[in-house]
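Enquirer: take this sequence and fold it.
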Amino acid sequence: RQIVERYIVEKGSVCVEGVSLTVASVKPRAFTASLIPHTLASTTLKDKRPGDKVNIEADILAKHIEKLMDRDKETTET
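Expert: Below you'll find the model as predicted:
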């Protein structure tokens, strides 16, 4: 299980069950995202209930930024 919590920020993107959503708010170990009726009706998210396990993927841009910052840190430490 990969932890994606550090990549989730308000107004950022997160992918839930393959559906890209905008994050509305973030709390420790939880976040909320609003769904418009069309998105809900057109995806498998309509079948999910609170507490169901879902696949969550962090925004790839956040991962790239972290990687670049790690490289920069390594460069400045040597």
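Enquirer: please count neighbours and contacts with C-alpha atoms only from this point.
Expert: Noted.
Enquirer: residues in contact with the helix or strand containing Leu21?
Expert: Assigned by DSSP states H and E, Leu21 belongs to strand 19-27. With contact meaning Cα atoms under 8 Å, 6 or more residues apart in numbering, strand 19-27 is reached by 8-15, 31-35, 43.
Enquirer: same thing but 7 Å
Expert: Contacts to strand 19-27, defined as Cα atoms under 7 Å, 6 or more residues apart in numbering, come from residues 9-15, 31-34.
Enquirer: same check, this time on stretch 53-69
Expert: 4, 7-8, 13-17.
Enquirer: quick one: that stretch to chain centroid distance?
Expert: 7 Å (Cα atoms, centre = their mean, to the nearest Å).
Enquirer: please shift the residue numbers so they start at 272 in all later answers.
Expert: Renumbered: residue one is now 272, and that last one reads stretch 324-340.
Enquirer: and it, how far apart are its ends?
Expert: 31 Å (Cα to Cα, to the nearest Å).
Enquirer: may I see the buried residues of the helix or strand bottoming out on mean pLDDT in the chain?
Expert: Ranked by mean pLDDT, DSSP states H and E, the weakest helix or strand in the chain is helix 331-348, scoring a mean of 82. Residues Ala333 are the ones in helix 331-348 that count as buried (16 or more other Cα atoms under 10 Å).
Enquirer: same question, stretch 316-324
Expert: Leu316.
Enquirer: now do it: distance to the chain's middle.
Expert: The answer for stretch 316-324 is 16 Å, by Cα atoms, centre = their mean.
Enquirer: ends of it, how far apart?
Expert: End-to-end distance for stretch 316-324, by Cα to Cα: 11 Å.
Enquirer: what's the answer for stretch 314-325, then?
Expert: End residues of stretch 314-325 are separated by 13 Å (Cα to Cα).
Enquirer: also stretch 292-310?
Expert: So stretch 292-310: terminal residues 9 Å apart, Cα to Cα.
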